[in-house]
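Got a predicted structure here, sequence first:
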Amino acid sequence: MAPEAPPPAVPTPTTRTLAAVAAALPGGGEDRPGQQAMAAAVERAIRERRHLLVQAGTGTGKSLAYLVPAALSGRPVVVATATKALQDQLVGKDLPFVADHLEGELSYAVLKGRSNYVCRQRLGELDAPDQLALDGLAERAPEEELRALREWAATTPTGDRAELAVEPSPAAWAAVSVGARECPGAQRCPKGDTCFTEVARRAAGEADVVVVNLHLYGLHLESGGAVLPAHDLVVVDEAHQLEDVISSTFGVDLTAGRFAALARTARSVLEDPATNDAVETAGIALAATLADHVGRRLRGALDPDIADALVTARLALEGLASGLRAVPTDREDETSAKAVRAQKTTGFLMAEIDSVLATPPDHVAWVEGPEASPSLRVAPVDVGPTLAERLWSETTAVLTSATVPPAAVTRLGLPADRVDQLDVGSPFDHAGHALLYCAAHLPDPREASWEGAAHAELRALIEAAGGRTLALFTSYRAMDAAVEVLRPRLDVPVLTQRDRPKPALVAAFTEDEPTCLFATMGFWQGVDVPGRTLSLVTIDRIPFPRPDEPLTQARREAARADAFRLVDLDRAATLLAQGAGRLVRGAEDRGVVAVLDPRLATRSYRWDLVNALPPMRRTKDRAEAEAFLREVTAD
């Protein structure tokens with residue numbers, strides 16, 4: 001990233017408005033030079049139609065730094081985020097606050113993928129048990145759940161699943177929702193006029209700012225711009241996840257479950273058992289074939305057994321498509337609606353099988369998942385050309401994150417002559433409040449003796465901190481091994497990622513100060529626990545990607561001589577910074593980030609990793625780390 005930016009020397013309309021908005025925050029706000037610098041850069045990017053890549057550390061206030069200039073631009077804006085928590089914060093807190101403190105009007109809306117909204121047509125089908133039983137969904141869901149969903153749907157203004165007080169079971173939600181691949185669209189659905197999704201889309205079409213998740217934005221690009229309203233600016237928050245999300249949305253994921261779901265829907269409208277059974281049987285046969293290839297990358301031409309299973313599945317789908325064409329779809333009833341859904345799903349599956357059978361050389365195919373439920377995946381190796389064609393050449397983009405991958409410009413295909421980079425730092429005093437400790441005396445993590453030594457190191461650090469530890473691991477195996485050894489030897493509670501759902505775990509960890517939380521990759525980001533309850537973050541290994549992970553492997557091959565720098569080191573630096581970023585979440589937070597991998601102190605690439613971290617003081621002396629932890633927890 002570029003050097004840390006100073007605040008703008010001359011106030012602009014945007015920075016003056018931002019200062020006024022920030023001053024209205026509870027407590028009068030804080031002076032944040034980084035926020036001012038970022039807002040001025042966003043204002044300039046919008047005016048000059050240049051892309052902007054901003055690294056904005058924790059506490060910058062980056063949401064206001066892009067929302068204020070976006071609101072003042074008078075142009076339609078989409079904000080795409082990677083997590084539901086940030087999406088909810090923007091719509092429930094930040095945008096209402098900005099709208100209340102601007103002189104002009106600002107309208108905003110949130111838009112989610114279709115499967116996030118309850119489907120009125122599906123709800124109508126619930127009242128026809130003979131129909132839905134054939135669909136095979138209601139019988140899988142508890143009746144009390146379905147009854148509660150009916151009652152909620154009768155009063156909810158949005159139909160948004162996020163409004164539910166209790167998370168529904170997958171079976172219950174599947175019975176009352178549809179995905180984009182099966183929805184016939186408002187024009188062909190009997191409930192199209194009152195559809196919750198369509199209401200949300202109309203509201204988004206009239207809003208100045210639309211907030212979406214990053215996956216939906218990827219689908220918008222994949223569809224050629226058909227999903228979201230036209231917009232002049234997109235802000236991608238948590239941009240370090242953009243590459244993987246785009247790779248996923250432009251890829252294919254074939255499972256037996258998709259064939260089974262299609263067969264269930266088809267049985268409710270098509271009285272042709274042989275044709276319907278053929279589709280489900282083809283899915284089962286494909287899964288059985290894929291089970292022998294789980295964990296394998298499929299190089300070159302597909303294995304004959306996989307190709308044969310795909311061809312057989314496609315023939316079954318062709319038979320179903322032919323049968324469905326005979327079912328009337330012009331009536332405003334449940335049968336027509338289901339028939340259209342089945343037709344659309346069949347078409348999607350056929351197209352995806354075709355794309356797998358003709359996998360282009362710049363894509364990678366592999367099989368993953370448990371043998372009982374394998375998935376055939378295909379994804380582009382390099383998303384840069386796709387983004388260059390569908391995003392960078394069409395829409396001004398502001399990309400921001402607390403941690404921007406070092407090779408982001410190259411890996412995302414950003415045009416070097418039309419992108420500016422900026423690092424606005426963080427307002428928090430990392431150098432004074434945080435210590436980076438590397439256990440340089442430990443063996444190499446690839447040696448058998450490392451694990452026992454790392455457990456002893458971890459125990460000593462946790463005892464010095466009096467608990468209050470988020471211990472991050474690069475695998476479930478490593479986490480489980482540490483828990484087995486340390487839980488009976490520690491005098492503080494130890495929670496693990498296996499114990500409860502993530503929100504409940506974080507709440508329990510936050511509420512009981514001495515508690516430790518042992519977790520894997522899902523907790524390296526998106527965990528915000530300010531205060532004394534989190535005084536120590538430990539990281540077991542430098543999070544290099546697995547050497548046999550198919551997509552990463554293909555990216556290495558494409559990068560050739562630069563593979564380690566552009567792929568492995570880039571990913572490791574980003575994840576390491578995300579993990580270390582869990583420590584200092586507020587201006588008064590203090591503590592230690594301890595890395596139990598000596599390579600951070602000994603290898604030639606160590607500075608690429610260290611420089612990606614917040615600017616903490618550094619030590620290799622455990623006694624110094626323990627003394628600092630005791631000082632922090634004694635205050």
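Yes, it's here.

Can you tell me the closest non-neighbouring residue to Ala20?
Sequence neighbours aside, His101 is the residue nearest to Ala20 in space, at 6.9 Å (criterion: Cβ to Cβ, 6 or more residues apart in numbering). Glycine gets a C-beta too; all of them are placed from N, C-alpha and C.

Quick one: mean pLDDT over stretch 522-535.
Stretch 522-535 comes out with an average pLDDT of 91.

burial measure for Ala580, as a count.
A count of nearby residues for Ala580, using other Cβ atoms under 10 Å, gives 25.

Which residues are in contact with it?
Neighbouring residues of Ala580 by Cβ atoms under 8 Å, 6 or more residues apart in numbering: Leu436, Val537, Ile539, Val593, Leu613, Pro614, Met616.

what do you get for Gly61?
Counting by Cβ under 8 Å, 6+ apart, Gly61 touches Ala22, Arg32, Gln35.

next one: Ala260
By Cβ under 8 Å, 6+ apart, the contact set of Ala260 is Glu280, Gly283, Ile284.

Show me how far the helix or strand hosting Leu576 is from its chain's centre.
Using DSSP states H and E, Leu576 maps to helix 570-580. Once both centres are worked out by Cα atoms, centre = their mean, to the nearest Å, helix 570-580 turns out to sit 15 Å from its chain's centre.

that older thread, and the residue nearest to Ala20, how far from Ala22?
9 Å (Cβ to Cβ, to the nearest Å).

Those two: which is more packed in?
Under the criterion of other Cβ under 10 Å, the comparison of His101 against Ala22 puts Ala22 first, with 21 against 16.

rewinding a little: for the helix holding Leu576, give the mean pLDDT please.
96.

and whichever helix or strand comes after that helix, what does it pack onto?
Following helix 570-580 in sequence order, the next helix or strand is strand 591-595 (DSSP H and E). Packed against strand 591-595 by the contact rule (3 or more Cβ pairs under 8 Å, 6 or more residues apart in numbering; DSSP states H and E) you find strand 434-438, helix 450-465, strand 536-539, helix 622-634.

then the helix holding Leu576 to PDB, C-alphas only?
Provided in PDB are the C-alpha atoms of helix 570-580 (Å, rounded to 0.1, in the frame of the first residue of the first chain):
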ATOM      1  CA  ASP A 570      -0.200 -12.500  -0.200                       C
ATOM      2  CA  ARG A 571      -2.800 -14.700   1.300                       C
ATOM      3  CA  ALA A 572      -0.800 -15.400   4.500                       C
ATOM      4  CA  ALA A 573      -0.100 -11.700   5.100                       C
ATOM      5  CA  THR A 574      -3.800 -10.800   4.700                       C
ATOM      6  CA  LEU A 575      -5.000 -13.500   7.100                       C
ATOM      7  CA  LEU A 576      -2.300 -12.900   9.600                       C
ATOM      8  CA  ALA A 577      -3.200  -9.200   9.700                       C
ATOM      9  CA  GLN A 578      -6.900 -10.100  10.100                       C
ATOM     10  CA  GLY A 579      -6.200 -12.400  13.000                       C
ATOM     11  CA  ALA A 580      -3.900  -9.900  14.700                       C
END
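
Point out where the stretch 201-350 of the chain drops to low pLDDT.
The stretch 201-350 of the chain contains residues with pLDDT under 70 at 332.

all helices for it, in order.
214-222, 242-249, 256-267, 273-291, 304-324, 334-357 (DSSP state H, counting those that start in this stretch).

in the fifth one, what's buried?
It refers to helix 304-324. With burial defined by 16 or more other Cβ atoms under 10 Å, the residues of helix 304-324 counted as buried are 306, 309-310, 312-314, 316-317, 319-321, 323-324.

Please report phi then psi for Ser73.
phi -70, psi -30 (degrees, to the nearest 10).

That one and Thr17: what is the separation?
Distance from Ser73 to Thr17, by Cβ to Cβ: 12 Å.

who has more neighbours, the two?
Comparing Ser73 with Thr17 by other Cβ under 10 Å, the one with more neighbours is Thr17, at 21 against 18.

how about the residue nearest to the more buried one when sequence neighbours are not counted, secondary structure?
Nearest non-adjacent residue to Thr17, counting by Cβ to Cβ, 6+ apart: Val68, 5.7 Å away. Under DSSP: H, G, I helix; E, B strand; the rest coil, Val68 falls in the helix class.

burial count for Val68?
The number of residues packed near Val68 is 28, by other Cβ under 10 Å.

show me what contacts it?
Contacts for Val68 (Cβ under 8 Å, 6+ apart) come out as Thr14, Thr17, Leu18, Val21, Ala39, Val98, Leu102.

Most widely separated two among those?
For the contacts of Val68, the farthest-apart pair by Cβ to Cβ is Ala39 and Leu102; their separation is 13.5 Å.

which of those two has more neighbours?
Set Ala39 next to Leu102 and count neighbours by other Cβ under 10 Å: Ala39 wins out with 32 against 16.
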